[in-house]
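In: Pasting the sequence and the predicted model now:
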Amino acid sequence: MEDILAIVFIFGGGSAFLLAISPIGRAIADRIRGGGGRLDGGEDMERLREAQMTVLDEVYQLRQDSSMFRFRDRSDSRVS
């Protein structure tokens, strides 16, 4: 039992240490502290809105194209 516990503590501690010094760990720590991951400028928000609108337009176009294909498949199955 103690062997398993020692292995868990060794690997768990090593993993926690490596996470703490990695960029991902630092980003998580900043997020917990409340300092990171926030957009301050209006310019950033405008770029995000433009990107969102672009993605939504592409999704709309794909939905139209897929509905056209579904209609075509249904009409072919009725003819046979």
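Out: Nice, thanks for sending it over.
In: where does the chain dip in pLDDT?
Out: 35-41, 69-80 (pLDDT under 70).
In: hmm, try it at 80
Out: 35-44, 67-80 (pLDDT under 80).
In: Go through the chain and flag its longest helix.
Out: helix 42-79 (DSSP state H).
In: Show me the domain layout of this protein.
Out: With automatic domain parsing as the criterion, the domains of the chain are listed as 1-38, 40-80.
In: Can you lay out those as TSV showing mean neighbour count?
Out: (C-beta placed from N, C-alpha, C; glycine too.) Below are these laid out as TSV (neighbours: other Cβ atoms under 10 Å):
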stretch	mean neighbour count
domain 1-38	10
domain 40-80	9
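In: what residues are up against residue 43?
Out: Not one residue lies near residue 43 by Cβ atoms under 8 Å, 6 or more residues apart in numbering.
In: Next one: it relative to residue 57, how far apart?
Out: Using Cβ to Cβ, to the nearest Å, residue 43 is found at 21 Å from residue 57.
In: likewise residue 47?
Out: Remark: distance between residue 47 and residue 57 (Cβ to Cβ) = 16 Å.
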